[in-house]
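*Asks:* need a 3D model of the sequence below.
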Amino acid sequence: MLRTSTLLVTLAIAGCGGAPTPPQEPPRPAPIAAEPEPEPEPPLDDAPMLDVIAAQPTEILLDGKPIGTTPISGRKVAPGSHEVTFVDPERGNRTMMVTLEPGDAKTVQSDPPPSLVEASGGATGDKQGEKK
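*Replies:* Numbering: from 1, shown residues only. Model prediction:
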């Protein structure tokens with residue numbers, strides 16, 4: 001009986017190791033990293049560019065919307081036809097049409113019309129051909 005008791009005590013001690021270990025799952029293969037898609041090259045920026053200049057600082061409207069005061073340089077616009085309006089409260093607005101294709105760069109320039117004095121060459125009161 002001593003042998004049986006010893007055997008039972010030995011088995012009991014051996015079984016006290018805690019919870020039985022769960023069966024191990026077979027190792028999963030490491031995920032294969034997919035090769036990243038190459039980033040698309042940025043499209044060439046072929047937006048037309050517009051420069052607007054005038055002799056005096058002048059408010060500018062592009063297609064009826066204010067875009068700033070001259071000089072305006074490198075303004076990107078959509079391809080097509082556009083109205084460029086030079087706002088001049090004294091002499092009246094001047095509007096010009098400009099057509100731009102993709103990749104175009106154009107300059108719109110407006111100088112105010114000459115005054116009557118400038119157009120006549122200056123008013124001196126002297127008549128040409130008159131002897132003094």
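*Asks:* contacts, neighbours, all on C-alpha from now
*Replies:* Noted.
*Asks:* list the contacts for the closest residue in space to Lys76 that isn't next to it in sequence?
*Replies:* In space, and not counting its chain neighbours, Lys76 is closest to Met49: 4.5 Å by Cα to Cα, 6 or more residues apart in numbering. With contact set as Cα atoms under 8 Å, 6 or more residues apart in numbering, Met49 has these partners: 74-77, 103-106.
*Asks:* same check on Val77?
*Replies:* 47-50.
*Asks:* what about Asp45, which SS state?
*Replies:* coil (DSSP: H, G, I helix; E, B strand; the rest coil).
*Asks:* contact partners for the residue lying closest to it once chain neighbours are set aside?
*Replies:* Nearest residue to Asp45 in three dimensions, chain neighbours excluded: Gly103, at 7.8 Å (Cα to Cα, 6+ apart). Gly103 is in contact with 45-49, counting by Cα under 8 Å, 6+ apart.
*Asks:* repeat for Ile67
*Replies:* Ile67 makes contact with 59-61, according to Cα under 8 Å, 6+ apart.
*Asks:* number of residues surrounding Asp51?
*Replies:* Asp51: 16 surrounding residues under other Cα atoms under 10 Å.
*Asks:* quick one: it from Asn93, how far?
*Replies:* Using Cα to Cα, to the nearest Å, Asp51 is found at 18 Å from Asn93.
*Asks:* Leu100 too?
*Replies:* The gap separating Leu100 from Asn93 is 22 Å, by Cα to Cα.
*Asks:* of the two, who's got more company?
*Replies:* Neighbours of Leu100 and Asn93, each counted by other Cα under 10 Å, are more numerous for Leu100; the result is 18 against 13.
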